[in-house]
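Chemist: A predicted structure for the sequence below; I have some questions about it.
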Amino acid sequence: MIYLDHAATSWPKPAEVIKAMTDVLEGAGGNPGRSGHRVSIAAARVIYDTREEISRFFGVSDPLRVIFTGNATHAINLALIGMLKPGDHVVTSSMEHNAVMRPLRRLEKKGIRLSMAPCASDGSLDVEDVTNVLTSDTRLVVLTHASNVVGTLLPVAEVAVIAHRAGALLLVDAAQTAGVIPIDMTAMGIDLLAFTGHKELQGPPGIGGLVIAESIDIAQIDPLICGGTGSRSESEEQPEDLPDKFESGTANLAGIAGLGAGLRRIQDIGIEEARAHLKTLARALIDGLSALPEITVYGTLDPDRSVAVVSFTVTGRRVSEIGLRLDEEYGILSRVGLHCAPAAHRTIGSFPEGTVRLAPGVFTTMDDIQQAIQAIGRIIRS
Amino acid sequence: MTQYGVILFHTTSSVLRAEKLLIAEGVEVKLIPTPRQLSSDCGIALRFNWTCRDRITSVLKEARVEIDAVHALDVMQA
């Protein structure tokens, strides 16, 4: 079996990740920070250490500014619902995933005003097109760091500069980049970063986070969920302290332990090495597919300007047929359709049919890619 | 006779951050359940040798770790 669906979730998970999860459940299973006995403290330490590693990884000096959530979607919702008030103006791109579009469309009905910066058909975003829709009352700019459909990287650091100049903050959806593209929030001017643990960070599903830069006054963000935090228990009011304000309820201890182990695994490989490997695979995949005349490959076709997410269609064939035959006849696993991103498919011109998406991971080999290209060629000719 | 001090924090994350920073500085500290006479909170607190008090508060101030309160504990209580 050749798994080329890493943009949906990385798989299989590294043995270190699974071990960290079972270890913490066996050895440190107390309710973190609630009870003060040794297993409770051991559990709290695992969470704190992971918080610290994540903050360092994303270039934020205060580990308490890492808020653990269930996934990137939850983190994006916390930022958007927690910050935006009726009348606020928000700018986003035409390449966003529904994790961004759906909460924004819902907030639009409650009175926020939304402007779309149009992307080119290769998914790229010209900073000028953001400038054109920014106004003096824009509160927030929301951008995906890389498209989950075609992998195209958006110029988040450049947009941060113009957003800040207009008095707006920048929220980045790093679901497709955390773990493969170095992200230094401080250097890049990212105010809020939503990440998920289960993609290229190699962690399990069900853990992600929102990292809040020191530029943000946390009084500006309302919590999505209120409840017990193990702190200030005498009060019936939600605490304002970080990270407790946003982390009510018992944490996903095993998930956080797995995320920490996944992050260490990626750092052992080296993020630059991982990136270089994925670029080589993407180059081979794009070239191999583009050589087949029936195939249209979407995106920039340039691995330097995208992450390793490759989308294509075949003239006269349904994407669902290609995906099914790849799976059944060749054991090659892809994802077909709209990838929860109708806006992105409209932008690249593949709506409503969608595309076949191939997304190698850091452990995918060149042989896997060559086999996939051959299989697709055979399916087209048969 | 006062031998130990206890520092209370607002969050578990702050206690653990403080513990790590202090251990890295070579200061001996221990996490204990928050003494009930000091707080009705359900969390953990940081116990330290009273003689290290100034050093500890300066390390935590430097790292901008927010402290709730510092208390002296006599040997019986500790």
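Modeler: Done, it's in.
Chemist: show me the contacts for residue 71.
Modeler: Since no chain was named, I'll use chain A. A:Thr196, A:Gly197, A:His198, A:Pro205, A:Gly206, A:Ile207, A:Gly208 (CB atoms under 8 Å, 6 or more residues apart in numbering or on different chains). Every C-beta, even on glycine, is put in place using the N, C-alpha and C of the backbone.
Chemist: actually it's chain B I care about, not the one you picked
Modeler: B:Gly5, B:Val6, B:Ile7, B:Leu8, B:Pro35, B:Leu38.
Chemist: just checking, A:Gly151 touches A:Val309?
Modeler: Yes. Contact criterion CB atoms under 8 Å: A:Gly151 and A:Val309 qualify, at 3.4 Å.
Chemist: what is in contact with the two at once?
Modeler: Joint contacts of A:Gly151 and A:Val309 (CB under 8 Å, 6+ apart) are A:Ala7, A:Gln176, A:Gly299, A:Ala359.
Chemist: tell me the one of those residues nearest A:Leu281?
Modeler: A:Ala359 (9.8 Å; CB to CB).
Chemist: against A:Arg357, how distant is the nearest residue to the closest one once chain neighbours are set aside?
Modeler: In this structure, A:Ala359 finds its nearest non-sequential neighbour in A:Ala7, 3.5 Å apart by CB to CB, 6 or more residues apart in numbering or on different chains. As judged by CB to CB, to the nearest Å, A:Ala7 and A:Arg357 stand 7 Å apart.
Chemist: among the contacts of B:His71, which are within reach of chain A?
Modeler: For chain A, no contacts are drawn from the contacts of B:His71 by CB under 8 Å from any CB of the partner chain.
Chemist: which ones are touching A:Pro182?
Modeler: So A:Pro182 contacts A:Ile271, A:Glu272, A:Arg275 (CB under 8 Å, 6+ apart).
Chemist: return the residues of chain B in contact with chain A.
Modeler: B:10-14, B:16-17, B:20, B:31-34, B:39-44, B:64, B:66.
Chemist: burial measure for the residue nearest to A:Ala359, as a count.
Modeler: 27 (other CB atoms under 10 Å in any protein chain shown).
Chemist: same deal with A:Val60?
Modeler: 21.
Chemist: can I assume it sits in a strand?
Modeler: No. Assignment of A:Val60 by DSSP: H, G, I helix; E, B strand; the rest coil gives coil, placing it outside any strand.
Chemist: and the gap between it and chain B?
Modeler: A:Val60 sits 13 Å away from chain B when distances are taken as CB to the nearest CB, to the nearest Å.
Chemist: so for that residue, what pLDDT did the model give?
Modeler: In this prediction, A:Val60 carries a pLDDT score of 97.
Chemist: is it correct that it is in contact with A:Glu214?
Modeler: Yes. Counting by CB under 8 Å, A:Val60 touches A:Glu214, with 7.0 Å between them.
Chemist: burial check on the closest residue in space to A:Gly167 that isn't next to it in sequence, number of neighbours?
Modeler: Spatially, and ignoring its direct neighbours in sequence, A:Gly167 is nearest to A:Ser136 (6.8 Å; CB to CB, 6+ apart). Other residues lying near A:Ser136 total 8 when counted by other CB under 10 Å.
Chemist: what about the closest residue to chain B within the stretch 251-382 of chain A, which helix or strand?
Modeler: The nearest approach of the stretch 251-382 of chain A to chain B comes at A:Ala251, 10.1 Å away (CB to the nearest CB). Per DSSP states H and E: A:Ala251 is located in neither a helix nor a strand.
Chemist: same question for the one 3 residues further on.
Modeler: Taking DSSP H and E as the criterion, A:Ala254 maps to helix A:253-269.
Chemist: if you count neighbours, what's buried in that helix?
Modeler: The neighbour-count check on helix A:253-269 (16 or more other CB atoms under 10 Å in any protein chain shown) flags A:253-266, A:269 as buried.
Chemist: which one of those residues sits closest to A:Ser55?
Modeler: A:Leu263 (11.2 Å).
Chemist: OK, contacts around that closest one?
Modeler: Contacts of A:Leu263 (CB under 8 Å, 6+ apart): A:Thr50, A:Glu53, A:Ile54, A:Phe57, A:Gly179, A:Leu201, A:Gln202, A:Gly203.
Chemist: and the second one, how far from chain B?
Modeler: With distances defined as CB to the nearest CB, the gap from A:Glu53 to chain B amounts to 12 Å.
Chemist: would you check which pair of the contacts of A:Leu263 lies furthest apart?
Modeler: A:Thr50 and A:Gly179 (14.3 Å).
Chemist: mind checking how far A:Ser35 is from B:Asp41?
Modeler: Relative to B:Asp41, and taking CB to CB, A:Ser35 is found at 12 Å.
Chemist: name the residue in those two with the higher neighbour count.
Modeler: B:Asp41 (21 against 18).
Chemist: give the contact list for the more buried one.
Modeler: A:Ser231, A:Arg232, A:Ser233, A:Glu234, B:Leu8, B:Thr34.
Chemist: so which elements touch whichever helix in chain B runs longest?
Modeler: Identified as the longest helix of chain B according to DSSP state H is helix B:12-24. In terms of contacts (3 or more CB pairs under 8 Å, 6 or more residues apart in numbering or on different chains; DSSP states H and E), helix B:12-24 is packed against helix A:38-57, strand B:2-9, strand B:29-33, strand B:44-49, helix B:53-62.
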